[in-house]
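**Q** A predicted structure for the sequence below; I have some questions about it.
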Amino acid sequence: METVQELIARRDAALGGAYRLFYAKPVLFARGEGVYLYDQDGTAYLDAYNNVPSVGHCHPRVTEAVTAQLQTLNTHTRYLTTGVVDYAERLLATHAIDGHAMFTCTGSEANDLALRIARLHTGGTGVIVTADAYHGVTAAIAELSPSLGIQLAPHVRTVPAPPRAGDVAAAITDLNRHGIRLAAFLADSLFSSDGVLPDAPELSAVQDLVREAGGLYIADEVQSGFGRTGSHMWGYQRHGLAPDIVTMGKPMGNGMPIAGIVARHDVIEEFGRSARYFNTFGGNPVCVAAAAAVLDVLEAEHLPANAEATGAYLKAGLTRLAGDNPVLAEVRGAGLYFGVDVVDADGAPSGELAAAIVNGMRDRCVLISATGPFGHTLKIRPPLPFSGTHADQFLSVLTGVLRQLA
């Protein structure tokens with residue numbers, strides 16, 4: 001049997017240096033089920049990181065829907081098919097927006113499409129994002145993603161997260177001073193890459209400022225959507241917002257490549273008249289079947305309610321643990337998405353200690369990651385079937401890792 005190191009060497013030779021692997025000791029996984037991943041030896045790893053298989057790895061209802069559709073028909077959206085229309089109607093019904101749905105393959109494409117629509121609708125090019133945001137990897141969207149560490153475009157302004165009205169007003173003023181008209185304010189509703197900051201009390205005021213300046217509010221729900229926050233289907237709903245465009249991705253198809261946007265009728269009307277939109281694989285019948293099954297599972301298994309209940313239980317446990325351990329500082333979260341700050345003996349953010357915790361958890365077969373401006377925030381976002389029993393397992397392992405670090 002090929003060793004992990006042998007496969008890593010082959011991977012490096014075939015894929016090159018731009019790719020990265022998680023953990024100091026990468027894991028070779030053979031299969032997944034529910035909230036667990038299994039390596040070649042059958043060892044189970046508790047997945048407390050992956051929000052892509054949001055209803056659980058290899059959920060039978062999703063895999064059966066995909067298999068059945070793949071055996072029947074798979075084509076593009078220029079042919080008339082029932083599935084994409086049925087799904088669009090169901091998806092629109094979950095949003096408080098009188099609008100249309102459009103489909104892509106990835107969240108990056110969804111944000112790219114939203115940006116194109118916003119610029120056409122407003123006549124502007126300027127975009128405001130948060131200081132450590134991540135919104136995707138297309139050329140246009142990478143320039144709006146400070147967390148990638150690349151040069152931002154001249155038409156981009158950043159504000160600290162969570163956004164405050166005064167900072168956004170100043171960014172708008174600066175754009176105007178440089179002759180740049182505002183097109184959009186683009187924000188992840190959990191500010192995940194900024195360190196997981198679910199509470200943003202001034203977002204309604206920000207939304208008003210953006211519209212007064214002639215721009216659109218784009219809610220990036222790739223991280224916070226599909227019941228992740230527990231209390232609401234969509235993260236923007238927690239903040240009482242009414243976005244002009246909502247973008248969606250990762251969890252939509254539970255691992256199948258489907259993403260998209262929902263936008264107000266008047267916002268999308270001119271784009272529909274003046275620009276053709278075609279995406280060969282966006283909204284294809286197989287991926288739509290997966291997405292429809294995800295909605296079925298969310299409802300049938302009451303997963304948003306589980307995210308709220310289990311999330312509250314896990315947050316209480318993390319808060320107790322932080323109170324007893326000086327390495328852990330603030331605990332933040334909504335539903336089943338948490339950020340836990342890691343600090344050194346002087347109380348300063350420590351990416352090094354956070355990495356040690358992440359790798360210590362991996363060595364004990366629990367998977368998490370880290371985020372934030374200093375890489376010092378533990379990122380915990382398990383699949384939505386995560387239960388109280390899984391939370392206990394997680395807390396027990398984290399306690400052991402912290403004890404060893406101490």
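**A** Arrived safely, thanks for sending.
**Q** what ranges do the helices span in the stretch 151-300 of the chain?
**A** Remark: helices assigned in the stretch 151-300 of the chain by DSSP state H, counting those that start in this stretch are 165-177, 203-212, 235-238, 265-274, 285-300.
**Q** Out of those helices, which gets nearest to Ala93?
**A** When the helices of the stretch 151-300 of the chain are compared by Cβ to Cβ, helix 285-300 sits nearest Ala93, at 9.9 Å. C-betas here are computed from N, CA, C, even on glycine.
**Q** Other residues contacting the closest one?
**A** By Cβ atoms under 8 Å, 6 or more residues apart in numbering, the surrounding residues in contact with helix 285-300 are 54-55, 59, 61-62, 64-66, 68-70, 72-75, 81, 83-84, 86-87, 90-91, 103, 105, 226-227, 251-258, 281, 303-304, 384.
**Q** For ChimeraX, what selects the buried ones among those residues?
**A** Filtering the contacts of helix 285-300 down to the buried ones (16 or more other Cβ atoms under 10 Å) takes a single ChimeraX command:
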select :54,55,59,61,62,65,66,69,74,81,83,84,87,91,103,105,226,227,251,252,253,254,255,256,257,258,281,303,304,384
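**Q** Of the contacts of helix 285-300, which belong to helices?
**A** 61-62, 64-66, 68-70, 83-84, 86-87, 90-91, 303-304 (DSSP state H).
**Q** from the residues you listed, which is closest to Ala242?
**A** Set against Ala242, the nearest of the ones in helices among the contacts of helix 285-300 by Cβ to Cβ is Leu91 (16.8 Å).
**Q** For the residue lying closest to that closest one once chain neighbours are set aside, give its distance to Ile117.
**A** Computed as Cβ to Cβ, 6 or more residues apart in numbering, the closest residue to Leu91 that is not its neighbour in sequence is Ala101, at 5.5 Å. Ala101 sits 13 Å away from Ile117, going by Cβ to Cβ, to the nearest Å.
**Q** Mutual contacts of these two, please.
**A** Ile261.
**Q** And the two? Which one has more around it.
**A** The residue with more neighbours, out of Ala101 and Ile117, is Ile117; 26 against 22, by other Cβ atoms under 10 Å.
**Q** Tell me if I'm right that the more buried one and Phe271 touch.
**A** Yes: using Cβ atoms under 8 Å, Ile117 is in contact with Phe271, at 4.7 Å.
**Q** before we move on, back to that, pLDDT score assigned to the residue nearest to Leu91?
**A** Listed pLDDT for Ala101 reads 97.
**Q** how about it, phi and psi?
**A** Main-chain torsions, Ala101, degrees, to the nearest 10: phi -110, psi 140.
**Q** Contacts only, for it.
**A** Taking Cβ under 8 Å, 6+ apart, we find Ala101 in contact with Ala88, Leu91, Leu92, Gly260, Ile261, Val262.
**Q** mind redoing it with 7 Å?
**A** Contact analysis of Ala101 by Cβ atoms under 7 Å, 6 or more residues apart in numbering lists Ala88, Leu91, Leu92, Gly260, Val262.
**Q** Quick check: bridge partners of the last one?
**A** It refers to Val262. In this structure, Val262 bridges to Ala101, Val246 when assessed by DSSP bridges.
**Q** circling back to that earlier point, what is the most widely separated pair among the ones in helices among the contacts of helix 285-300?
**A** Pairwise distances across those peak at 28.3 Å for Leu70 and Pro304 (criterion: Cβ to Cβ).
**Q** can you tell which of the helices of the stretch 151-300 of the chain is closest to Tyr134?
**A** Using Cβ to Cβ, the helices of the stretch 151-300 of the chain put helix 235-238 closest to Tyr134, at 14.9 Å.
**Q** Can I get that closest one in PDB? Just the C-alpha atoms.
**A** The C-alpha coordinates for helix 235-238 follow below in PDB (Å, rounded to 0.1, in the frame of the first residue of the first chain):
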ATOM      1  CA  GLY A 235     -27.000  34.800   8.000                       C
ATOM      2  CA  TYR A 236     -28.300  38.200   6.800                       C
ATOM      3  CA  GLN A 237     -31.600  37.400   8.400                       C
ATOM      4  CA  ARG A 238     -29.900  37.400  11.800                       C
END
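**Q** tell me how far it is from the chain's mean position?
**A** Here helix 235-238 is found 14 Å from its chain centre; the criterion is Cα atoms, centre = their mean, to the nearest Å.
**Q** elements contacting it?
**A** Contact analysis of helix 235-238 by 3 or more Cβ pairs under 7 Å, 6 or more residues apart in numbering; DSSP states H and E lists no helix or strand as a packing neighbour.
**Q** 10 Å - rerun?
**A** strand 182-188, helix 203-212, strand 216-220 (3 or more Cβ pairs under 10 Å, 6 or more residues apart in numbering; DSSP states H and E).
**Q** Leaving out chain neighbours, which residue sits closest to Gly253?
**A** Using Cβ to Cβ, 6+ apart, the nearest residue to Gly253 is Ala290, at 4.1 Å.
**Q** Model confidence score at that neighbour, please.
**A** 98.
**Q** any idea how far it lies from Asn325?
**A** Plainly put, Ala290 is 41 Å away from Asn325 if you go by Cβ to Cβ.
**Q** Same drill for these two, tell me which one is more crowded.
**A** Ala290 (24 against 15).
**Q** which residues does Ala242 contact?
**A** Applying Cβ atoms under 10 Å, 6 or more residues apart in numbering, we find Ala242 in contact with His95, Ala96, Ile97, Ser204, Gln207, Tyr217, Ala219, Tyr236, Arg264.
**Q** what residues do Ile117 and Phe271 have in common as contacts?
**A** By Cβ under 10 Å, 6+ apart, Ile117 and Phe271 have these common neighbours: Met102, Ala263, Tyr277.
**Q** list the contacts for the residue nearest to Leu303 when sequence neighbours are not counted?
**A** Nearest non-adjacent residue to Leu303, counting by Cβ to Cβ, 6+ apart: Leu384, 4.1 Å away. With contact taken as Cβ under 10 Å, 6+ apart, Leu384 is in contact with 35, 51, 53-56, 226-228, 230, 251, 294, 297-298, 301-307, 310-311, 335-336.
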